[in-house]
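> turn this into a structure:
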Amino acid sequence: MILSELGICNNVKLCYNSTMQLKTIAHIRNAYREKFGIPRQSGLTDIVSRIVFEKEYRDMNALRGLEGFSHLWLIWGFSKADDSFRPTVRPPRLGGNTRVGVFATRSPFRPNPVGISSVRLKGILETEEGPVIEVIGADILDGTPIYDIKPYLSQFDSHPDAVSGFVDENEYQTLEVVLPDEFRDMLKDEAESLVQALRQDPRPQYQNDPGRVYGMRYSDYEIRFTVRENVLTVVQIIREER
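From the prediction side, this is the model:
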C-alpha cells in the first residue's frame with residue numbers, strides 16, 4: 001500500500017518523500033465477515049480475534065516482552081473502503097444525517113485508509129502458522145491487513161480529562177438481545193459472542209423500522225433479526241455452506 005505523507009522542507013530545501021510503502025505484517029482473523037455488524041469502536045465486546053503473521057515476520061523474537069503489556073495498539077488498513085477523499089462524512093453517531101469534517105471522525109473514507117484500534121492482549125501462541133497473538137475487543141473485519149503493532153502505555157496514552165466533541169453529546173445505547181434457546185443450541189460456544197456483537201446495534205443508526213428483518217453475516221452463519229423498542233430478537237439463523 002502507498003501512503004501519502006506530509007512533505008516537510010528545511011531551509012536547505014531537503015524534503016522528505018511524499019509517499020512511503022507500508023508492508024502488511026499480519027492479517028486479523030475473527031467472526032466479522034462483513035462491515036455490517038462490526039462494533040463501531042474497539043473495546044466494546046469480549047470477542048477474541050487472532051493476529052496471524054505473514055511468513056516473513058513469523059519470528060517469536062519480534063514479540064519478546066510483549067506479554068508484559070495488557071493492551072495493544074493495532075494499525076491496520078480499511079481494505080474494503082472506497083479510497084476516494086471525502087472532506088465531510090456522516091457519522092452514525094449523529095444519526096447518519098449530519099455532516100462533519102472527515103478529520104473529526106474515524107470514518108474509513110480518508111485520504112489514507114488507515115485505522116487504529118486499542119485492544120486487550122489475551123495471549124501469545126506458538127502454532128504451525130508461527131506466532132499468533134490473541135486479542136480481545138477488536139473492531140476490525142476478518143482478513144484485514146495489519147501494518148503495525150505497538151504497546152499501549154497507560155502512563156502516556158490514557159487521558160481521563162479528554163473531551164470527545166459530538167461523541168460526548170450523544171449517549172451510546174446498547175440493545176437487549178433475545179436469542180431463543182434453539183439458536184443458542186445451534187451456535188453453542190459462539191452464542192454469547194454473537195449476543196455481544198448484536199448488543200451494539202449493528203443497524204445504520206438512521207434506520208429504525210420495527211417491521212424490517214435485518215441480516216448480517218457472523219462467523220459461518222447468516223443472522224436475521226428484528227428490532228423493536230430497543231429489543232433485538234433473532235428470528236432466523238442459517239448456516240452458510242463452505
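
> which residues does the closest residue in space to H71 that isn't next to it in sequence contact?
Nearest residue to H71, sequence neighbours excluded (Cβ to Cβ, 6 or more residues apart in numbering): Y152, at 3.7 Å. Just so you know, the C-beta spots here come from the backbone N, C-alpha and C atoms, and that holds for glycine as well. When contacts are counted by Cβ atoms under 8 Å, 6 or more residues apart in numbering, Y152 touches 69-73, 118.

> would you mark the buried spots in the strand ranked longest in the chain?
Criterion DSSP state E: the longest strand present in the chain is strand 114-127. Buried residues in strand 114-127, counting neighbours by 16 or more other Cβ atoms under 10 Å, are found at 114-115, 117-121.

> and what of stretch 200-209?
For stretch 200-209, using 16+ other Cβ under 10 Å, the buried residues are 200-203, 205.

> surely G115 meets S79?
No. Between G115 and S79 there is no contact, the gap being 9.9 Å when judged by Cβ atoms under 8 Å.

> just to revisit the earlier point, can you name every helix or strand that the longest strand of the chain contacts?
strand 71-77, strand 130-136 (3 or more Cβ pairs under 8 Å, 6 or more residues apart in numbering; DSSP states H and E).

> could you dump those into CSV and include mean neighbour count and mean pLDDT?
Shown next, in CSV, are the helices and strands packed on strand 114-127 (neighbours: other Cβ atoms under 10 Å; pLDDT from 0 to 100):
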stretch, mean neighbour count, mean pLDDT
strand 71-77, 20, 97
strand 130-136, 20, 97
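
> so which of those is nearest G165?
Evaluated over the helices and strands packed on strand 114-127, closeness to G165 peaks at strand 71-77, with 21.1 Å, by Cβ to Cβ.

> what's the closest one packed up against?
Right, strand 71-77 is packed against strand 114-127, strand 130-136, strand 145-151 by 3+ Cβ pairs under 8 Å, 6+ apart.

> among those strands, which is nearest P180?
Evaluated over those, closeness to P180 peaks at strand 130-136, with 26.9 Å, by Cβ to Cβ.

> how distant is that closest one from the center of its chain?
Averaging C-alpha positions (Cα atoms, centre = their mean, to the nearest Å) puts strand 130-136 16 Å from its chain's average.

> quick one: contacts of that strand?
26, 45-53, 55, 58-60, 62-63, 66, 72, 74, 119-126, 149.

> and the angle from it to strand 145-151?
70 degrees (axes from the mean of the first three to the mean of the last three Cα atoms, to 10 degrees).

> pLDDT at the residue most central in space within the chain, what is it?
Centroid-nearest residue in the chain, with Cα atoms, centre = their mean: D139, separated by 1.8 Å. pLDDT recorded at D139 is 95.

> in terms of helices and strands, where is L187?
Using DSSP states H and E, L187 sits within helix 181-187.

> likewise E222?
Counting by DSSP H and E, E222 is found in strand 221-228.

> got the buried residues for that strand?
Quick answer for strand 221-228 (16+ other Cβ under 10 Å): 221, 223, 225-227.

> quick check: V89 vs P180, distance?
According to Cβ to Cβ, to the nearest Å, V89 stands 37 Å off from P180.

> typed the wrong thing, it's V52
Counting by Cβ to Cβ - V52 and P180 are separated by 34 Å.
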